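Trainee: Curious how this folds, go ahead:
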Amino acid sequence: MNDIWWQTEGQGNCHLVLLHGWGLNAEVWHCISAELASHFTLHLVDLPGFGRSQGFGAMTLEAMAECVLKQAPDKAVWLGWSLGGLVASQVALTHPERVQALVTVASSPRFSAHEDWPGIKPEILAGFQQQLSEDFQRTVERFLALQTLGTETARQDARALKKAVLALPMPEVEVLNGGLEILKTADLREPLKALTMPFLRLYGYLDGLVPRKVVPMLDALWPESESEVFAKAAHAPFISHPDAFCQALIAVKDKL
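Mentor: Take a look at the predicted model:
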(Lines give C-alpha, C1' and ligand atoms only; values in the text may rest on other atoms or scores of the structure.)
Protein backbone atom coordinates (compact mmCIF):
# COMPACT_ATOMS: atom_id res chain seq x y z
CA MET A 1 0.00 0.00 0.00
CA ASN A 2 1.15 3.58 -0.64
CA ASP A 3 2.46 5.70 2.18
CA ILE A 4 0.60 8.87 3.06
CA TRP A 5 2.22 12.32 3.19
CA TRP A 6 3.53 13.00 6.69
CA GLN A 7 5.63 15.88 8.03
CA THR A 8 7.07 16.26 11.54
CA GLU A 9 7.96 19.63 13.09
CA GLY A 10 9.02 20.82 16.54
CA GLN A 11 10.88 19.20 19.43
CA GLY A 12 8.28 18.97 22.20
CA ASN A 13 8.28 15.90 24.46
CA CYS A 14 4.57 15.36 23.63
CA HIS A 15 3.56 14.25 20.12
CA LEU A 16 0.50 15.82 18.48
CA VAL A 17 -1.05 14.34 15.31
CA LEU A 18 -3.32 16.73 13.34
CA LEU A 19 -5.96 15.30 10.98
CA HIS A 20 -7.77 17.66 8.58
CA GLY A 21 -11.36 17.60 7.30
CA TRP A 22 -13.14 16.55 4.10
CA GLY A 23 -11.83 17.92 0.80
CA LEU A 24 -8.80 19.55 2.45
CA ASN A 25 -5.21 18.77 3.44
CA ALA A 26 -2.63 19.57 6.12
CA GLU A 27 -2.12 23.12 4.76
CA VAL A 28 -5.21 24.14 6.79
CA TRP A 29 -3.02 24.08 9.94
CA HIS A 30 -0.61 26.67 8.50
CA CYS A 31 -1.92 29.45 10.77
CA ILE A 32 -1.21 27.53 14.01
CA SER A 33 1.58 25.07 13.18
CA ALA A 34 4.47 27.35 14.24
CA GLU A 35 2.87 28.06 17.62
CA LEU A 36 2.03 24.39 18.24
CA ALA A 37 5.49 23.23 17.14
CA SER A 38 6.98 25.31 19.97
CA HIS A 39 5.08 23.13 22.48
CA PHE A 40 4.71 19.73 20.75
CA THR A 41 6.42 17.46 18.27
CA LEU A 42 3.84 18.11 15.59
CA HIS A 43 2.75 15.59 12.96
CA LEU A 44 1.04 17.07 9.89
CA VAL A 45 -0.80 14.50 7.79
CA ASP A 46 -2.65 14.46 4.46
CA LEU A 47 -5.37 11.82 4.85
CA PRO A 48 -5.26 9.03 2.22
CA GLY A 49 -6.40 10.35 -1.16
CA PHE A 50 -6.22 14.01 -0.08
CA GLY A 51 -3.51 16.60 -0.78
CA ARG A 52 -0.12 14.95 -1.29
CA SER A 53 -1.37 11.47 -0.27
CA GLN A 54 -2.29 10.41 -3.79
CA GLY A 55 -2.88 6.90 -5.16
CA PHE A 56 -5.69 5.90 -2.77
CA GLY A 57 -9.30 5.18 -3.62
CA ALA A 58 -12.39 5.53 -1.44
CA MET A 59 -11.86 4.08 2.03
CA THR A 60 -13.90 3.01 5.00
CA LEU A 61 -13.40 4.86 8.28
CA GLU A 62 -11.64 1.81 9.75
CA ALA A 63 -9.24 1.49 6.79
CA MET A 64 -8.42 5.21 6.90
CA ALA A 65 -7.63 5.03 10.63
CA GLU A 66 -5.34 1.99 10.14
CA CYS A 67 -3.57 3.69 7.23
CA VAL A 68 -2.82 6.83 9.29
CA LEU A 69 -1.79 4.82 12.34
CA LYS A 70 0.88 2.97 10.32
CA GLN A 71 3.13 6.07 10.22
CA ALA A 72 2.19 7.53 13.62
CA PRO A 73 4.39 7.75 16.72
CA ASP A 74 3.91 5.06 19.37
CA LYS A 75 2.00 7.44 21.62
CA ALA A 76 0.50 10.85 20.81
CA VAL A 77 -2.31 13.29 21.39
CA TRP A 78 -4.62 12.82 18.39
CA LEU A 79 -6.56 15.81 17.11
CA GLY A 80 -9.12 15.52 14.31
CA TRP A 81 -11.13 18.29 12.70
CA SER A 82 -14.55 17.48 11.20
CA LEU A 83 -14.11 14.22 9.18
CA GLY A 84 -10.64 13.97 10.77
CA GLY A 85 -12.39 13.85 14.15
CA LEU A 86 -14.05 10.59 13.14
CA VAL A 87 -10.68 9.18 12.01
CA ALA A 88 -8.95 10.21 15.27
CA SER A 89 -11.87 8.76 17.27
CA GLN A 90 -11.62 5.47 15.37
CA VAL A 91 -7.88 5.29 16.19
CA ALA A 92 -8.71 5.88 19.88
CA LEU A 93 -11.31 3.09 19.77
CA THR A 94 -9.16 0.45 18.07
CA HIS A 95 -5.73 1.36 19.50
CA PRO A 96 -6.32 3.17 22.82
CA GLU A 97 -2.78 2.37 23.98
CA ARG A 98 -1.45 4.67 21.21
CA VAL A 99 -3.61 7.67 22.18
CA GLN A 100 -2.59 9.85 25.16
CA ALA A 101 -5.57 12.14 24.66
CA LEU A 102 -8.24 12.61 21.98
CA VAL A 103 -9.26 16.07 20.77
CA THR A 104 -12.08 16.49 18.26
CA VAL A 105 -12.72 19.86 16.61
CA ALA A 106 -16.07 20.85 15.06
CA SER A 107 -16.75 17.15 14.79
CA SER A 108 -19.61 14.84 15.67
CA PRO A 109 -19.79 11.08 16.29
CA ARG A 110 -22.74 11.20 13.89
CA PHE A 111 -22.76 13.97 11.28
CA SER A 112 -26.01 12.91 9.65
CA ALA A 113 -29.24 14.21 11.20
CA HIS A 114 -31.61 11.50 12.40
CA GLU A 115 -34.95 11.73 14.27
CA ASP A 116 -33.84 13.24 17.59
CA TRP A 117 -30.21 13.80 16.55
CA PRO A 118 -29.18 17.22 15.13
CA GLY A 119 -26.80 17.22 12.17
CA ILE A 120 -26.56 17.64 8.42
CA LYS A 121 -29.73 16.56 6.62
CA PRO A 122 -29.00 13.32 4.71
CA GLU A 123 -30.44 14.83 1.52
CA ILE A 124 -27.85 17.66 1.70
CA LEU A 125 -25.01 15.13 1.92
CA ALA A 126 -26.60 13.14 -0.93
CA GLY A 127 -26.87 16.38 -2.93
CA PHE A 128 -23.16 17.04 -2.48
CA GLN A 129 -22.42 13.52 -3.72
CA GLN A 130 -24.58 14.12 -6.80
CA GLN A 131 -22.99 17.52 -7.51
CA LEU A 132 -19.46 16.13 -7.17
CA SER A 133 -19.85 14.19 -10.39
CA GLU A 134 -21.03 17.36 -12.19
CA ASP A 135 -18.62 20.04 -10.96
CA PHE A 136 -16.52 18.86 -8.10
CA GLN A 137 -14.32 21.95 -7.68
CA ARG A 138 -17.39 24.17 -7.28
CA THR A 139 -18.98 21.63 -4.89
CA VAL A 140 -15.89 21.62 -2.65
CA GLU A 141 -15.82 25.44 -2.69
CA ARG A 142 -19.50 25.57 -1.66
CA PHE A 143 -18.78 23.19 1.20
CA LEU A 144 -15.88 25.40 2.34
CA ALA A 145 -18.07 28.52 2.25
CA LEU A 146 -20.56 26.76 4.56
CA GLN A 147 -17.79 26.23 7.11
CA THR A 148 -17.18 29.91 7.85
CA LEU A 149 -20.71 31.35 7.57
CA GLY A 150 -21.65 33.79 10.30
CA THR A 151 -18.20 34.58 11.73
CA GLU A 152 -16.85 38.13 11.86
CA THR A 153 -13.94 37.02 9.65
CA ALA A 154 -16.00 34.75 7.36
CA ARG A 155 -14.59 35.98 4.05
CA GLN A 156 -11.01 35.91 5.26
CA ASP A 157 -11.48 32.43 6.82
CA ALA A 158 -13.09 31.06 3.63
CA ARG A 159 -10.13 32.43 1.64
CA ALA A 160 -7.70 30.65 3.98
CA LEU A 161 -9.53 27.33 3.49
CA LYS A 162 -9.74 27.81 -0.29
CA LYS A 163 -6.02 28.61 -0.41
CA ALA A 164 -5.27 25.33 1.42
CA VAL A 165 -7.37 23.39 -1.12
CA LEU A 166 -5.95 25.07 -4.21
CA ALA A 167 -2.33 24.82 -3.00
CA LEU A 168 -2.32 21.10 -3.77
CA PRO A 169 -3.89 18.68 -6.28
CA MET A 170 -7.65 18.20 -5.82
CA PRO A 171 -8.67 14.79 -4.48
CA GLU A 172 -10.25 12.32 -6.92
CA VAL A 173 -14.06 12.35 -7.05
CA GLU A 174 -14.04 8.74 -5.77
CA VAL A 175 -12.08 9.81 -2.66
CA LEU A 176 -14.37 12.78 -1.98
CA ASN A 177 -17.41 10.53 -2.38
CA GLY A 178 -15.89 8.03 0.03
CA GLY A 179 -15.40 10.79 2.61
CA LEU A 180 -19.01 11.93 2.21
CA GLU A 181 -20.14 8.32 2.63
CA ILE A 182 -18.32 8.19 6.00
CA LEU A 183 -19.98 11.47 7.06
CA LYS A 184 -23.35 10.07 5.96
CA THR A 185 -23.13 6.68 7.68
CA ALA A 186 -20.71 6.76 10.65
CA ASP A 187 -22.19 6.66 14.15
CA LEU A 188 -19.67 6.42 17.01
CA ARG A 189 -21.93 7.70 19.79
CA GLU A 190 -22.15 4.40 21.68
CA PRO A 191 -18.60 3.07 21.06
CA LEU A 192 -16.98 6.30 22.32
CA LYS A 193 -18.68 5.89 25.71
CA ALA A 194 -15.98 3.29 26.45
CA LEU A 195 -13.00 5.67 26.07
CA THR A 196 -10.87 6.11 29.19
CA MET A 197 -8.18 8.55 27.95
CA PRO A 198 -8.65 12.35 28.31
CA PHE A 199 -11.15 13.49 25.66
CA LEU A 200 -11.67 17.16 24.74
CA ARG A 201 -14.31 18.33 22.25
CA LEU A 202 -13.99 21.82 20.72
CA TYR A 203 -16.87 23.51 18.89
CA GLY A 204 -17.87 26.73 17.16
CA TYR A 205 -21.10 28.31 18.44
CA LEU A 206 -22.01 29.40 14.88
CA ASP A 207 -21.17 26.07 13.21
CA GLY A 208 -23.72 25.21 10.51
CA LEU A 209 -22.43 21.64 10.02
CA VAL A 210 -22.15 20.46 13.63
CA PRO A 211 -25.03 22.18 15.47
CA ARG A 212 -24.27 23.40 18.99
CA LYS A 213 -27.28 21.36 20.21
CA VAL A 214 -25.06 18.26 20.07
CA VAL A 215 -22.75 19.66 22.79
CA PRO A 216 -25.03 19.15 25.85
CA MET A 217 -26.26 15.85 24.39
CA LEU A 218 -22.69 14.53 24.21
CA ASP A 219 -21.84 16.03 27.62
CA ALA A 220 -24.59 13.78 29.00
CA LEU A 221 -23.64 10.74 26.91
CA TRP A 222 -19.90 11.02 27.62
CA PRO A 223 -19.67 12.55 31.13
CA GLU A 224 -15.92 11.83 31.34
CA SER A 225 -15.19 14.05 28.33
CA GLU A 226 -14.83 17.85 28.36
CA SER A 227 -16.26 20.34 25.89
CA GLU A 228 -15.48 23.95 24.99
CA VAL A 229 -17.47 26.17 22.64
CA PHE A 230 -15.83 29.16 20.92
CA ALA A 231 -18.53 31.82 21.03
CA LYS A 232 -17.84 33.60 17.72
CA ALA A 233 -16.44 30.67 15.74
CA ALA A 234 -18.07 28.48 13.08
CA HIS A 235 -16.72 25.20 11.66
CA ALA A 236 -13.02 26.22 11.62
CA PRO A 237 -12.23 27.72 15.08
CA PHE A 238 -8.46 27.24 14.62
CA ILE A 239 -8.57 29.71 11.70
CA SER A 240 -10.92 32.31 13.25
CA HIS A 241 -9.57 32.02 16.84
CA PRO A 242 -6.00 30.66 16.58
CA ASP A 243 -4.72 31.92 19.95
CA ALA A 244 -7.60 30.58 22.05
CA PHE A 245 -7.46 27.33 20.09
CA CYS A 246 -3.73 26.79 20.75
CA GLN A 247 -4.22 27.61 24.45
CA ALA A 248 -6.84 24.86 24.72
CA LEU A 249 -4.40 22.33 23.26
CA ILE A 250 -1.48 23.41 25.43
CA ALA A 251 -3.79 22.98 28.46
CA VAL A 252 -4.43 19.36 27.36
CA LYS A 253 -0.68 18.69 27.27
CA ASP A 254 -0.15 20.30 30.68
CA LYS A 255 -2.66 17.90 32.24
CA LEU A 256 -1.03 14.73 30.90
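Trainee: phi, psi of residue 233?
Mentor: Dihedral angles phi and psi of residue 233 (degrees, to the nearest 10) take the values phi -100, psi 160.
Trainee: residue contacts, it?
Mentor: Residues near residue 233 by CB atoms under 8 Å, 6 or more residues apart in numbering: 151, 203, 204, 205, 206, 207, 240, 241. Backbone N, C-alpha and C define where each C-beta goes, glycine included.
Trainee: Pull up the gap between it and residue 206, please.
Mentor: 6 Å (CB to CB, to the nearest Å).
Trainee: Sketch out the low-pLDDT regions of the protein for me.
Mentor: For the chain, residues meeting the criterion pLDDT under 70 lie at 1.
Trainee: all helices of it, in order?
Mentor: Listed in chain order, the helices of the chain (DSSP state H) span 30-37, 61-69, 83-94, 122-148, 154-166, 173-185, 214-221, 237-240, 242-255.
Trainee: What residues of the fifth one count as buried?
Mentor: What it means is helix 154-166. Neighbour counts over helix 154-166 (16 or more other CB atoms under 10 Å) mark 154, 157, 158, 160, 161, 162, 164, 165 as buried.
Trainee: I'd like those as TSV, with distance to residue 199 appended.
Mentor: TSV is the format used below for the buried residues of helix 154-166 (distance: CB to CB, whole Å):
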residue	distance to residue 199
154	29
157	26
158	30
160	28
161	26
162	31
164	27
165	29
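Trainee: ok, and what's touching stretch 92-100?
Mentor: Against stretch 92-100 from outside (CB under 8 Å, 6+ apart): 14-15, 62, 65-66, 69, 72, 74-78, 91, 102, 188, 191-192, 194-199, 256.
Trainee: Please apply the same query to stretch 143-154.
Mentor: 22-23, 128, 155, 157-158, 161-162, 165, 204, 206, 208-209, 232-236, 239-240.
Trainee: end-to-end on stretch 88-100?
Mentor: 12 Å (CA to CA, to the nearest Å).
Trainee: Check which residues of that stretch are buried.
Mentor: Residues of stretch 88-100 classed as buried by neighbour count (16+ other CB under 10 Å): 88, 89, 90, 91, 92, 93, 98, 99, 100.
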